[in-house]
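> no FASTA, just this:
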């Protein structure tokens, strides 16, 4: 299978398009079925390979053995391993005993981040993080994911909730990934969710950097975001900034905070 077809399969699969429709589009593009050097079964096998964790020989068994040993030492350690229909390792969720204990005290607000990647296996490492009474970051659990779609996040969130005895956080901080948002809405319907401020401010140069008054806008925005103490004060200055710099057409700004 050529690299172009592989890329098409990967992109369309991530978009949730059924395999038969993906394959049909490739047939139409090549004008004849006979012009393709592969069949629908080859496409199915390739997508299945993409969806499994990219572990080396023996790594999956070693991971399972590790979790089993840890659980023997401490029965409060929790882990769930997700397998595909062919018995191949796909996703993992684990929470140690300390994380379960501190969640009872500091689990009102949880930050979930999927931006960590391992270079060797190209898998998303997705931790659940909170803050204790000393202002220190604390770990509430981790996920190792083969995909970044809604179904995978729903599986991870449900597995994590099972570990935490069904107690959802009052608020969860996430980035602007639509798949994560959909998973949070499904599994944590009563929790408030908000976007991570770091991710928001990271996009400011990309979205507003071409404006003539960018430096002034950035300075005003940073002061507004980091120094506002009351909601009314924030809203008043926000509207003044939008008017003064003519930012009414930049809907991206309003979608961040309102």
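Ah, there it is. Keep in mind that this is a model prediction, so the values were computed, not measured.

> how does this protein divide into domains?
According to automatic domain parsing, the chain comprises the domains 3-51, 59-196, 203-257.

> all strands of the chain, in order?
78-83, 89-95, 109-112, 116-117, 124-131, 137-145, 171-174, 192-195 (DSSP state E).

> endpoints of stretch 141-149, how far apart?
From the first residue to the last, stretch 141-149 extends over 19 Å; the measure is C-alpha to C-alpha, to the nearest Å.

> try stretch 24-35
For stretch 24-35, the first-to-last residue distance is 13 Å (C-alpha to C-alpha).

> now stretch 145-156
Note: stretch 145-156 ends 8 Å apart using C-alpha to C-alpha.

> what of stretch 91-110?
Start-to-end, stretch 91-110 (C-alpha to C-alpha) is 21 Å.

> for that stretch, the distance to its chain's centre please.
18 Å (C-alpha atoms, centre = their mean, to the nearest Å).

> what mean pLDDT does it have?
For stretch 91-110, mean pLDDT rounds to 92.

> can you give me the buried ones in it?
Applying a neighbour-count criterion of 16 or more other C-beta atoms under 10 Å, one finds 91-96, 99-100, 103, 106-107, 109-110 buried in stretch 91-110. In this view, the C-beta of every residue, glycine as well, is placed from N, C-alpha and C.

> before we move on, what about stretch 141-155?
Quick answer for stretch 141-155 (16+ other C-beta under 10 Å): 141-147, 149-150, 152-155.

> show me where this structure has its helices.
Secondary structure of the chain by DSSP state H: the helices cover 3-14, 19-30, 40-51, 59-73, 97-106, 150-163, 178-187, 197-202, 204-208, 214-227, 231-244, 251-257.

> now the angle between helix 19-30 and the third one, please.
Looking back up the chat, that one is helix 40-51. Between helix 40-51 and helix 19-30, the angle comes out at 120 degrees (axes from the mean of the first three to the mean of the last three C-alpha atoms, to 10 degrees).

> buried set for helix 40-51?
For helix 40-51, the neighbour count (16+ other C-beta under 10 Å) marks 40, 43, 46-47, 51 as buried.

> redo the residues you listed as CSV? Include pLDDT and distance to residue 197.
CSV is the format used below for the buried residues of helix 40-51 (pLDDT from 0 to 100; distance: C-beta to C-beta, whole Å):
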residue, pLDDT, distance to residue 197
40, 79, 46
43, 82, 41
46, 79, 39
47, 76, 36
51, 61, 33
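
> would you point out the most distant pair within those residues?
Greatest spacing in the buried residues of helix 40-51, by C-beta to C-beta: 40 and 51 (16.5 Å).

> which of the buried residues of stretch 91-110 sit farthest apart?
The widest separation within the buried residues of stretch 91-110 (C-beta to C-beta) is 25.7 Å, between 91 and 106.

> quick check: pLDDT value at the residue lying closest to residue 91 once chain neighbours are set aside.
Leaving out its chain neighbours, the residue that sits closest to residue 91 by C-beta to C-beta, 6 or more residues apart in numbering is residue 82, at 4.0 Å. Residue 82 is assigned 87 on the pLDDT scale.
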